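**Student:** Here you go, sequence then predicted model.
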Amino acid sequence: MLTTADVAAAFEEIVELGKSDAVIQHETARKWAARAVVCYRLFAQTGAGAWFKRAEDYSHEAIEHAAFAGDSCSTLLQLKRDLEHAARDAGV
């Protein structure tokens, strides 16, 4: 459910901080990628398939947002490398 705090945070991000769509996409991609790395690590520690599924889902979200970052794919390429490295470290 969308809260007043969610809307206030979006207002601050867009209006007060003046973030562009590209910056928002870049930051969002990095957040999803970080979540994926955590889940890959948890999968490596526990072997629980649920962590692997979440890691894969979050990786896809990161890649999707990175593709819209508008920086000649540098964010996309870097995050793909980071995510592949995390998956390898997890034994995937």
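**Tutor:** Yes, it's here.
**Student:** pLDDT below threshold where in this structure?
**Tutor:** Filtered on pLDDT under 70, the chain yields no residues whatsoever.
**Student:** hey, where'd the helices end up in it?
**Tutor:** 4-11, 21-46, 49-67, 74-89 (DSSP state H).
**Student:** Need these in CSV (columns: mean neighbour count).
**Tutor:** Glycine gets a C-beta too; all of them are placed from N, C-alpha and C. As requested, the helices of the chain are exported to CSV (neighbours: other CB atoms under 10 Å):
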stretch, mean neighbour count
helix 4-11, 10
helix 21-46, 18
helix 49-67, 18
helix 74-89, 16
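**Student:** Next up, the contacts around A33.
**Tutor:** Y58, S59, A62, A66, L79, D82, L83 (CB atoms under 8 Å, 6 or more residues apart in numbering).
**Student:** Just put these in a markdown table and tack on distance to E13.
**Tutor:** Below are the contacts of A33 laid out as a markdown table (distance: CB to CB, whole Å):
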| residue | distance to E13 |
| --- | --- |
| Y58 | 21 |
| S59 | 24 |
| A62 | 19 |
| A66 | 18 |
| L79 | 20 |
| D82 | 24 |
| L83 | 25 |
